[in-house]
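Participant: Quick one, structure for this:
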Amino acid sequence: MYPIDIVYTWCEQSPKVFKPKQKLNNGNNRFNDNGELRYSIRSIYRYAPWVRQIFIVVDDTQRPSWLHPRAADANIPVRLVKHSDIIPVKYLPTYNSQCIELYLCNIPDLAEHFVYFNDDMFIGNTVQPSDFFNDQGFPKYYFNGYIPKINVRTMHAHAWKNNQLVIHSIFGPKCGISRTPEHQALPMLKSTCAELLQAPKWPILNKFIENTSVSRFRQTNNIYFIGLCVHYNILRSKGHGIVGIKRSIYIGINGRSKFFRILNRLERKQPVLFCLNDVSQGKQWHRIHEGLSIILNRLFNFKTIVEDWSVGRGSVTS
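Facilitator: Residues are numbered from 1 along each chain as shown. All right, here's what the predicted structure looks like:
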């Protein structure tokens, strides 16, 4: 079996990174740390013990407080990767996930096959490599959404539209990319990421890569590079698109969420993957924080060897 790695990008809001009243174009909730990363890693240890290693890509000034100093020596090593290790210094500092995602292929010792997680994504049941890659080693993508309309007014919607411009420029306007993959952990090929990042033959792509790289936060002229790699793989027959099969649960969390109802749903369904996405725009953060604590401590009520047990109690509220 070929090695498979996990990659996270992680950032928390702090005075070192953000000015106290800085206005962020997608809301402060994108940078709230509800402690999900610790539990997401627990889900990997429980349900995907075949993973080779885990990388957490972080700003040079940050580190998860609960991560054990010797986490890189664990049976599934957890390694920190600083932005300056993979991103050209002229683009730093950056707090734009779309910029950071451009340069994941530069992670030292990253396997050709890796799965990209956000910190609010979890494995909810036993998984095998075949859940992410087919027999040929090509990624399997489950499509259950459509590219959002620009009037949604999010930077992510603009990025998807810019992705369409790039794909149509490369493959022609009739290739058609109207669907988006599920908002869950996505399998990737390092070679595809490197090929697109270093592609001088497509001026429009080079322009969007530069626009994205220089943006400290998301802007309307950025691309969603991970999504671009998904469609590029499929259109070059290096990825397998699957429509009509639902294997995951996506839940947007806000101040009105019924947390015990969400917990009951996850315990009953036991989905392969699930995402608990804070869509609150920073409102009622304390209630969301407590609600996530209830859910995640119930689902992953154990500690892993990569956690520093002297820090906090292993809960979201620690």
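Participant: pLDDT of stretch 193-209, averaged?
Facilitator: For stretch 193-209, mean pLDDT is 91.
Participant: and if you look at stretch 270-287?
Facilitator: 88.
Participant: residue ranges with poor pLDDT in the stretch 51-200 of the chain?
Facilitator: 150-153, 200 (pLDDT under 70).
Participant: mind redoing it with 80?
Facilitator: Residue ranges of the stretch 51-200 of the chain with pLDDT under 80: 145, 147-153, 176, 199-200.
Participant: What of the stretch 201-318 of the chain?
Facilitator: For the stretch 201-318 of the chain, applying pLDDT under 80 flags the ranges 201, 281-283, 309-318.
Participant: cutoff 70 now
Facilitator: 282, 312-318.
Participant: who's in contact with the single longest helix found in the chain?
Facilitator: Of all the elements of type helix in the chain, the one with the most residues (DSSP state H) is helix 155-171. Under the criterion CB atoms under 8 Å, 6 or more residues apart in numbering, residues 25-26, 98, 147-150, 175, 177, 180, 202, 204-205, 208, 218-224, 227-228, 231-232, 235 lie in contact with helix 155-171. For the C-beta atoms, the positions are set from N, CA and C on the backbone; glycine is no exception.
Participant: Can you give me the buried ones in that helix?
Facilitator: By 16 or more other CB atoms under 10 Å, the buried positions in helix 155-171 come out as 155-164, 166-167, 170.
Participant: In helices only, show me the contacts of helix 155-171.
Facilitator: Counting by DSSP H, those place 98, 204-205, 208, 227-228, 231-232, 235 in helices.
Participant: Compare those residues and tell me which has the most neighbours.
Facilitator: Leu228 (27 neighbours; other CB atoms under 10 Å).
Participant: still on that earlier bit, so which of the ones in helices among the contacts of helix 155-171 comes closest to Glu112?
Facilitator: Checking the ones in helices among the contacts of helix 155-171 against Glu112 by CB to CB gives Tyr232 as the nearest, at 15.6 Å.
Participant: how much space is there between that closest one and Gln270?
Facilitator: According to CB to CB, to the nearest Å, Tyr232 stands 33 Å off from Gln270.
Participant: For Pro108, which non-adjacent residue is spatially closest?
Facilitator: Counting by CB to CB, 6 or more residues apart in numbering, Asp85 is the residue found nearest to Pro108 once chain neighbours are left out, at 7.0 Å.
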